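Novice: Sequence and predicted structure below; questions after.
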Amino acid sequence: MSGSAMSLVNATTPSSPLTKSSGIAALADIARGLSSFECPPVRAALSRRSTIALGVHAGWAGTLVRAIDLPSPGIARSRLQSEGTGSVPKTLAGVTGEQISAYPGVAFSAVSPDAEQPKPVNKDLAAMRVGYGQQGADGRYDDADLDADQLSDGWLPLMRRWLEDAVEAGVPEPNAMTLGTVDEHGHPCTRTVLCKGLSADGVLFFTNYESDKGRQLESVPYASVTFTWVPVARQITVRGPVERVSAEVTDEYWHSRPRGSRLGAWASEQSRPIASRAELDAALLHAGERFPVDVDIPVRPDWGGILIRPAVVEFWQGRANRMHNRIRTSQAGGSWTVERLQP
Ligand SMILES: Cc1cc2nc3c(=O)[nH]c(=O)nc-3n(C[C@H](O)[C@H](O)[C@H](O)COP(=O)(O)O)c2cc1C
Ligand SMILES: Cc1ncc(COP(=O)(O)O)c(C=O)c1O
């Protein structure tokens, strides 16, 4: 425990003011992790935040040390300077919770005043927030509350209706869905694919079977897909076992694709590394030479459809205060149950 650091603590009372030099020395001790700093406001700030700032004030009278909740050092500095007391801090020390716990029984260590602090929360991102559900003055929503009775005919009619609503609302690529698979280590992988079929059998997309997702679904044949339609405050997640579709189904869809999409599928060894963009462009040119415009481009043999057979389907509708509606239907032993989940 450092004596000067203790005097810094004492200096929070008017009876033991610090000199400028002893204050800075004390802060230096804190910065070296020597201090046992028991200042209650600092402790309180630390219990709420992972980072705080300490300021030694230029006036050297009254309160010499302040604890400030500090999402980032920049914020603390501006907040201190805007306090209007005329006592602008000469030194700021950012302190992280992790550094504190490295000194058991010691209040904290600190980094140098102007060192770049890690910012686990970016304030611009943290401020991005959309309140869901359009509420009128009477507090009512302009769309009916999602409830279990909307699934009385099963998941398919409601999912179709929501897709149509997303199209009508002008959601770009409303058939885009985030596909989750599991890799050989049991780790989740996600990426976007386009839903090209929706029927009682399930949700269909097309891909390269030798891609990462294709191989992952081969070894763990179970997938999760999520449609996110932010403009209409809705989301649907479908989970279930997967299977490849027949060659006929793939063939029919393949031949409906634009020539460019078909050549692209031939040109790309999907998910494999390639040295440069130039090599990729060359591969497309090569595919174009191999399949001239007047020649049918056959289905690439390792390309085709994958059907997700729904075992669990969850409908989500955004509501104010994060009190959303969630209705989940799931199949067990041949029958479907419907339940409401907490948001
Ligand atoms: C909007 C959008 C739609 C996409 N649709 C497909 C698709 O239908 N099939 C596909 O294989 N990749 C699609 N992709 C590319 C995939 O997201 C992914 O990059 C690619 O399939 C390789 O994934 P993998 O390496 O995990 O297998 C799409 C990407 C975006 C952004
Ligand atoms: C790599 C890849 N494959 C397939 C698709 C689906 O394309 P299409 O709609 O032409 O079948 C996409 C769509 O973005 C894609 O990026």
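Specialist: Alright, I've got the coordinates. Ligands and ions are numbered 1, 2, ... in the order given.
Novice: element containing V249, please.
Specialist: According to DSSP states H and E, V249 maps onto helix 247-254.
Novice: That helix packs against which elements?
Specialist: strand 202-208, strand 303-308 (3 or more Cβ pairs under 8 Å, 6 or more residues apart in numbering; DSSP states H and E). Backbone N, C-alpha and C define where each C-beta goes, glycine included.
Novice: after the shortest one comes which helix or strand?
Specialist: Think strand 303-308. strand 312-317.
Novice: how about the CA coordinates for that next one, as CSV?
Specialist: Below are the C-alpha coordinates for strand 312-317, written out as CSV (Å, rounded to 0.1, in the frame of the first residue of the first chain):
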residue,chain,number,x,y,z
VAL,A,312,-39.3,-26.1,-34.7
VAL,A,313,-40.6,-22.8,-36.1
GLU,A,314,-40.6,-19.6,-34.1
PHE,A,315,-42.5,-16.5,-35.1
TRP,A,316,-41.3,-13.2,-33.5
GLN,A,317,-43.1,-9.9,-33.6
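Novice: next helix or strand past it?
Specialist: strand 325-332.
Novice: mean confidence for that following strand?
Specialist: The average pLDDT within strand 325-332 is 97.
Novice: same check, this time on stretch 159-169
Specialist: Stretch 159-169 shows a mean pLDDT of 97.
Novice: Same check on stretch 131-145?
Specialist: Averaged over stretch 131-145, pLDDT sits at 85.
Novice: Ok, stretch 180-190 next?
Specialist: On average, stretch 180-190 scores 97.
Novice: Assign R161 to helix, strand or coil.
Specialist: When classified by DSSP: H, G, I helix; E, B strand; the rest coil, R161 comes out as helix.
Novice: which parts of the chain sit against ligand 1?
Specialist: Counting by Cβ under 6 Å from any ligand atom, the residues of the chain close to ligand 1 are 173, 176, 189, 191-194, 205-208, 211-213, 270-271.
Novice: Any of those buried? List them.
Specialist: Neighbour counting by 16 or more other Cβ atoms under 10 Å classes 176, 193, 205-208, 211-213, 270 among the residues of the chain next to ligand 1 as buried.
Novice: Identify, from those residues, the entry nearest to G133.
Specialist: Distance to G133 across those (Cβ to Cβ) is lowest for A176, with 22.9 Å.
Novice: how near is the closest one to Y209?
Specialist: Relative to Y209, A176 is positioned 21 Å away (Cβ to Cβ, to the nearest Å).
Novice: So what's the model's average confidence on stretch 286-293?
Specialist: Per-residue pLDDT values across stretch 286-293 average out to 96.
Novice: for stretch 309-317, same thing?
Specialist: 98.
Novice: Now I274: closest residue in space that isn't a chain neighbour?
Specialist: In this structure, I274 finds its nearest non-sequential neighbour in L280, 5.6 Å apart by Cβ to Cβ, 6 or more residues apart in numbering.
Novice: scratch that, E243 is what I was asking about
Specialist: With Cβ to Cβ, 6+ apart, the residue lying closest to E243 is L307, at 5.5 Å.
Novice: Pull up the gap between that neighbour and A223, please.
Specialist: L307 is 10 Å from A223, where distance means Cβ to Cβ.
Novice: again, but for L163
Specialist: As judged by Cβ to Cβ, L163 and A223 stand 18 Å apart.
Novice: Between L307 and A223, tell me which one has more neighbours.
Specialist: A223 (25 against 20; other Cβ atoms under 10 Å).
Novice: near ligand 2, which residues of the chain?
Specialist: So the chain meets ligand 2 at 194, 206, 257, 261 (Cβ under 6 Å from any ligand atom).
Novice: these two touch, right, Q135 and Y141?
Specialist: Yes - applying Cβ atoms under 8 Å, one finds Q135 in contact with Y141, separated by 5.8 Å.
Novice: which of the two has more neighbours?
Specialist: Y141 (17 against 13).
Novice: Spit out the contact partners of the more buried one.
Specialist: 133-135, 319 (Cβ atoms under 8 Å, 6 or more residues apart in numbering).
Novice: And Q134, by the same measure?
Specialist: Contacts for Q134 (Cβ under 8 Å, 6+ apart) come out as 141-143.
Novice: For A320, see how far away it is.
Specialist: Distance from Q134 to A320, counting by Cβ to Cβ: 10 Å.
Novice: Kindly report the same for P172.
Specialist: Going from P172 to A320 by Cβ to Cβ gives 25 Å.
Novice: contacts for the top strand by length along the chain?
Specialist: Ordering each strand of the chain by length in residues (DSSP state E) puts strand 234-244 first. Contacting residues not belonging to strand 234-244 are listed as 155, 159, 162, 165-166, 202-203, 209, 217, 221-229, 304-318 [Cβ under 8 Å, 6+ apart].
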